[in-house]
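Novice: Pasting a predicted model and its sequence here:
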2 protein chains.
Amino acid sequence: MGSATIFFWLQLPNVSKSYRTALTITGIVTLIDTYHHIRIFSFWSEAFVVASKDGGDSAVQLTGAPFNDGYRYVDWLLTVPLLLIELILVMKLPQQETVSLSWKLGLASALMVALGYPGEIQEDLSVRWFWWCLSMLPFCYVVFTLAVGLAESTSKQPSLAAASLVSAARYLTVLSWCTYPFVYMVKSVGLAGPAATMYEQVGYSIADVMAKAVFSVLIWAIASEKSAVEESGKLLPNWVLGCSLLVKRLY
Amino acid sequence: MGSATIFFWLQLPNVSKSYRTALTITGIVTLIDTYHHIRIFSFWSEAFVVASKDGGDSAVQLTGAPFNDGYRYVDWLLTVPLLLIELILVMKLPQQETVSLSWKLGLASALMVALGYPGEIQEDLSVRWFWWCLSMLPFCYVVFTLAVGLAESTSKQPSLAAASLVSAARYLTVLSWCTYPFVYMVKSVGLAGPAATMYEQVGYSIADVMAKAVFSVLIWAIASEKSAVEESGKLLPNWVLGCSLLVKRLY
């Protein structure tokens, strides 16, 4: 995640001005994620210990220190809206659509994370499912908007390569996002203890790498591709305009 | 806050030269705030512990180490005048007005923070209220200047978008600032102990995020919008100049 941040920021001069905000935000998302994973790592180290009983098989044991999952939710609260905003920015929609989509998807995704947390810290299974269901409402809205609502805008991308990269980014978001509700269920189906927490953390971490680092590489590829297309396009009209002006004046 | 700093500084080449000082200061404000929140965080970690009593519900308990609120006031002493100066700079008022407003609002806001601190560290409720009242005098002056005094300058902004963003920044300042006196009152109405300190810290932290990170995003948006307006204005004369030159040569 940290390396991804450095990659995106070093790439800033290589994309045209209109995609630099998207690429800056992309690096910020992976930076925030780096910070929170370091925090989660130290909580993890303190809360669990792998020990072998009487020289036999190793087992995960509790140290007694609480494992705090709050950092992951604080991370999501910040990064998930930013991830959606960077996708919208890189699509370069009309300004009004950019602003309204950023607000709608940003707020819906923040609400989704906020509604997930009360269930995550619950032992009671019915309460966990209650918050899971509530959280799925904004989740479905965001996923539906990405899969269906943005289909038309995707077809308007300046090149076939750009359009297919935008599609890939949209579907990667939809697919990687769908892993989260299933990981959340690990504890909702009655699994408990350090092993359940371990599966949950491994699941969330893999999903985070897909939804953030891999997704962000696609965002960078879109920005690069569109910059190249626009730069080659920009040279022509100026040159053509100059010639046509000259021809007009002369004849 | 740290991510916001990086975002603002990476955006420096994207705004025109006259807004770069404002954007540099914006990043410095969030950087100073990052530093102080790390300090506050470590004091917090040392002063409080979340422990469960006999395996039951978790509760906040004192460790005995003192929680030092001085860092937040040192932070405010530096950042609050800078925040007001960045707003004045981004409005691009006539130079004399910029200098005189920066001095007036800068000094008044520093005085406001300095007068608040003696009350903050007091247990005695009447002494707390005394300093609260004194601190409210420069507070009201600053808020009044922002809400009323800057209304005319706002209407002179170069585009409707810029004017509404400046208004939003002014009113966000007024609104977020108004939360501080109320949070200060948490302890002034007789609440005490770790729970009161917790509510106070949560309140101040939320207000700081609004008054600094969110406010600064508005400052950046104003700088971007005004840069775009000014640049498109600059391009036109060049084009007109080129045409008139061509016409001159031909006839």
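Specialist: On my side now, so go ahead. Residues are numbered from 1 along each chain as shown, chains lettered A, B, ... in the order given.
Novice: Report the separation between the closest residue to A:Ile88 other than its chain neighbours and A:Leu78.
Specialist: Take A:Ile88 and drop its neighbours on the chain: the residue closest to it by Cβ to Cβ, 6 or more residues apart in numbering or on different chains is A:Leu101, 5.0 Å away. Using the backbone N, CA and C atoms, a C-beta is placed for each residue, glycine as well. Distance, A:Leu101 to A:Leu78, by Cβ to Cβ, to the nearest Å: 19 Å.
Novice: hmm, back to that, can you check the pLDDT for the residue nearest to A:Ile88?
Specialist: What the model reports as pLDDT for A:Leu101 is 92.
Novice: Please look at A:Gly203 and A:Thr179 and confirm they touch.
Specialist: Yes. Counting by Cβ atoms under 8 Å, A:Gly203 does reach A:Thr179; the two are 6.8 Å apart.
Novice: Let me see the contact set for A:Ser58.
Specialist: A:50-52 (Cβ atoms under 8 Å, 6 or more residues apart in numbering or on different chains).
Novice: Let me know the closest of these to A:Phe139.
Specialist: Closest to A:Phe139 out of the contacts of A:Ser58 is A:Val50 (34.1 Å), distances taken as Cβ to Cβ.
Novice: so what's the backbone phi/psi at the nearest residue to that closest one once chain neighbours are set aside?
Specialist: Leaving aside its chain neighbours, A:Val50 sits nearest to A:Ser58 (5.2 Å; criterion: Cβ to Cβ, 6+ apart). Taking degrees, to the nearest 10, you get phi -80, psi 150 for the backbone angles of A:Ser58.
Novice: so how far is chain B from A:Ser58?
Specialist: Note on A:Ser58: its distance to chain B, by Cβ to the nearest Cβ, to the nearest Å, is 27 Å.
Novice: go on, A:Ser232?
Specialist: 21 Å.
Novice: before we move on, what about A:Pro138?
Specialist: Per Cβ to the nearest Cβ, A:Pro138 is found 21 Å from chain B.
Novice: So that residue, which state does it fall into?
Specialist: Using DSSP: H, G, I helix; E, B strand; the rest coil, the structure places A:Pro138 in helix.
Novice: show me the contacts for it.
Specialist: Counted by Cβ under 8 Å, 6+ apart, A:Pro138 has contacts A:108-109, A:111-112, A:115.
Novice: Buried ones only from these, please, as a PyMOL command.
Specialist: Buried subset of the contacts of A:Pro138, written as a PyMOL selection, criterion 16 or more other Cβ atoms under 10 Å in any protein chain shown:
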select buried, chain A and resi 108+109+111+112+115
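Novice: So which bits of stretch A:142-161 are buried?
Specialist: With burial defined by 16+ other Cβ under 10 Å, the residues of stretch A:142-161 counted as buried are A:142-143, A:145-146, A:150, A:153-154, A:157, A:161.
Novice: coming back round to it: I'd like to know the beta-bridge partner residues of the residue nearest to A:Val50.
Specialist: Applying DSSP bridges to A:Ser58 gives these bridge partners: A:Ser52.
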